[in-house]
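Student: structure for this input, please:
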Amino acid sequence: MMLFPSLGNFRFSSYKFISIFCLGIYSMFVNSIESFAYDESALARFQIEKICIDCDLSSAILTRIRLPDPYLTWATILLRNVIGADYRESTLNEANLHGARLDSVNLTDANLAGANLSEAWLNGATLIRSDLAGANMGKARLWKALLIKANLVNSDLSNTLMRGADLTGANLEEANLFKADLQSANLSGAHLKNANLNSAVLRGADLRSANLNGAYLHMANLIAVNLSLASLKNVNAARLDGTQEDLFRTSFSKANLAGAIISHAVLPKVDFMAANLRGADLRFSDLQGSRLVNADLRKADLRGANLRYTDLSGADLRNADLRGADLTGADLSPFKFLWLQKTRLKNTNLTSANLTNATLMFRQIEHSILCRTQLSSTEINTNC
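Tutor: A predicted model of the protein is given here:
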């Protein structure tokens, strides 16, 4: 009786096993090709119609595509579920990529002008210098995406998730960022002229040297943002209907606005509590009813500013220039000590202002309007 098969039988069995294995692999390959027939047709349609709604192009190799020739290859089949595809310098303008999965893709220098990327997944995507002018990116996910120097002029970024995104030097002029989540995003040197930032969340964002001239900031969350040397001329935090009934809905609390240009801004009832406004230019800005408690306003230029009924208690106004400002009804009483040394108050309207315990010399308020002005324990009524 044979306990072991002969060598010949063993070789035959081995060859048979290998043949069956190879046949199985071949069958899998054929089935794979058939199973990806839909994807091929989707890509074929995409190259002609530029439509890829809810599709997944995260593994397609479309480097420098100009639509045509985005063929699926063995590599793309095997890497079907691998994100991080390379789309550099692609021409995808006006493409419909609604809901597409494009996480971690490289779209550097791509042309996506006018494209529909609404609800698309672009988390960790690289969009450096990409042209997204006029693109619809509403509700898109761009968590930690790289958008350095991207062109987003007049684009729709409403309700987008852009936490931690890098938008350094990006052009967002007239972009719609309504309710966009930009927490901890880097927007240093970004252009946001006339952008809609109403109800946007920018908490902890870096906006150093950014241009926000004419931007809309109603109900925006700007807590702890860095806006040093930024330009905020003519920014508007009032309601779109012009009313100002919302109290402290827009917040710059603890924000760094040192050296910022905020002249002619409309910022009524805004929270600047403990904000750094040292050396800021606030000339002729409307800050009526705003809260500037414990704010650092040293060397700030507040000439002609509307500070009616503002709360400046505990604010540091050393060397600030308030000439021609209107402080009617303002509260300048300190929590601890009010710094007004060398503060310029000439020609300032101090009607009904509370300057209780304020440290200042008479020459500082020379020619100012003092009517029902509370100074220490005395009410001054020289200009009523």
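
Student: contacting residues around stretch 298-305?
Tutor: Outside stretch 298-305, the residues within contact range by C-beta atoms under 8 Å, 6 or more residues apart in numbering are 277-287, 316-326, 339. Every residue, glycine included, has its C-beta placed from N, CA and C.

Student: and if you look at stretch 125-135?
Tutor: By C-beta under 8 Å, 6+ apart, stretch 125-135 touches 93, 102-117, 142, 145-156.

Student: hey, C-alpha coordinates of that stretch in CSV?
Tutor: Extracted in CSV, the C-alpha atoms of stretch 125-135 (Å, rounded to 0.1, in the frame of the first residue of the first chain):
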residue,chain,number,x,y,z
ALA,A,125,-7.7,68.0,-1.3
THR,A,126,-5.0,70.1,-2.9
LEU,A,127,-6.4,73.0,-4.9
ILE,A,128,-3.4,75.2,-4.9
ARG,A,129,-3.7,78.0,-7.5
SER,A,130,-6.9,76.3,-8.9
ASP,A,131,-9.4,78.5,-10.8
LEU,A,132,-12.8,78.1,-9.0
ALA,A,133,-14.2,81.4,-10.1
GLY,A,134,-18.0,81.2,-10.0
ALA,A,135,-18.0,77.6,-8.9
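
Student: and for residue 93, the neighbour number?
Tutor: 18 (other C-beta atoms under 10 Å).

Student: no, scratch that, I was asking about residue 217
Tutor: Residue 217 has 28 neighbours, counted by other C-beta under 10 Å.

Student: please look at it and residue 195 and confirm they touch.
Tutor: No. With contact defined as C-beta atoms under 8 Å, residue 217 does not reach residue 195; the gap is 9.4 Å.

Student: tell me the phi and psi of residue 266?
Tutor: phi -110, psi 100 (degrees, to the nearest 10).

Student: which residues does it bridge with?
Tutor: residue 236, residue 286 (DSSP bridges).

Student: tell me the mean pLDDT over stretch 170-186?
Tutor: The average pLDDT for stretch 170-186 rounds to 98.

Student: next, the buried residues of that stretch.
Tutor: 170-186 (16 or more other C-beta atoms under 10 Å).

Student: what are the contacting residues of that stretch?
Tutor: Residues contacting stretch 170-186 (C-beta under 8 Å, 6+ apart): 147-168, 187, 190-206.

Student: who are the contact partners of residue 146?
Tutor: Taking C-beta under 8 Å, 6+ apart, one finds 125-128, 165-166 in contact with residue 146.

Student: try it again with 7 Å
Tutor: 126-128, 166 (C-beta atoms under 7 Å, 6 or more residues apart in numbering).

Student: which one (most neighbours) among those?
Tutor: That'd be residue 127 among the contacts of residue 146, by other C-beta under 10 Å, with 30 neighbours.

Student: ok, how many other residues are close to residue 142?
Tutor: Residue 142 has 28 nearby residues by other C-beta under 10 Å.

Student: correct me, but it touches residue 167?
Tutor: No. Residue 142 lies out of contact with residue 167 (C-beta atoms under 7 Å); the separation is 9.5 Å.
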